[in-house]
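> just a sequence and a predicted model for now, questions to come.
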Amino acid sequence: MKNEKKIKREWHKIDATDKVIGRMATEIAVLLRGKHKPEYLHNVDLGDLVEVKNIKQAKFTGNKLEQKEYHSFSGYPGGLKTKKMKDVLEKKPTEILKKAVWNMLPKNKLRSEMIKRLKIS
């Protein structure tokens, strides 16, 4: 097993201009997990750091801006809130990519540490 001090993390810079969000999110998830490295282990966080630029110029296919919705539930009756992708893009364009990558990472304790290494601007 790799020692945390011996892990060498590299910076990967991605330009989001005219790239599809979902395809870019899969590429980022692989880099954050460390699956591109030969010493990859599923239970060790060997991933690299990823920086994404120009997220406002990313491309959306189909009618996602009008049809896709994000839901959040407070836990109380009537506490379901729904936002369209178009509204989220206007207020916080970084959240769309972050949520896409978040859902592609493994659902375990390593996920929160991996998403911290994603910088979006």
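That came through fine.
> would you point out which residue is most central in the chain?
Note on the chain: the residue nearest the mean C-alpha position is Val101, at 2.3 Å, using CA atoms, centre = their mean.
> backbone dihedrals for that one, both of them.
Dihedral angles of Val101 (phi, psi; degrees, to the nearest 10) stand at phi -70, psi -40.
> what's near enough to touch it?
Shown in contact with Val101 (CB atoms under 8 Å, 6 or more residues apart in numbering): 25, 28-29, 32, 115, 118. The C-beta positions use only the backbone N, C-alpha and C, and glycine is treated the same way.
> same check on Ser72?
When contacts are counted by CB under 8 Å, 6+ apart, Ser72 touches 80-81.
> that one sits in which helix or strand?
Ser72 belongs to strand 69-73 when assigned by DSSP states H and E.
> can you check His12 too?
Using DSSP H and E, His12 sits in strand 11-15.
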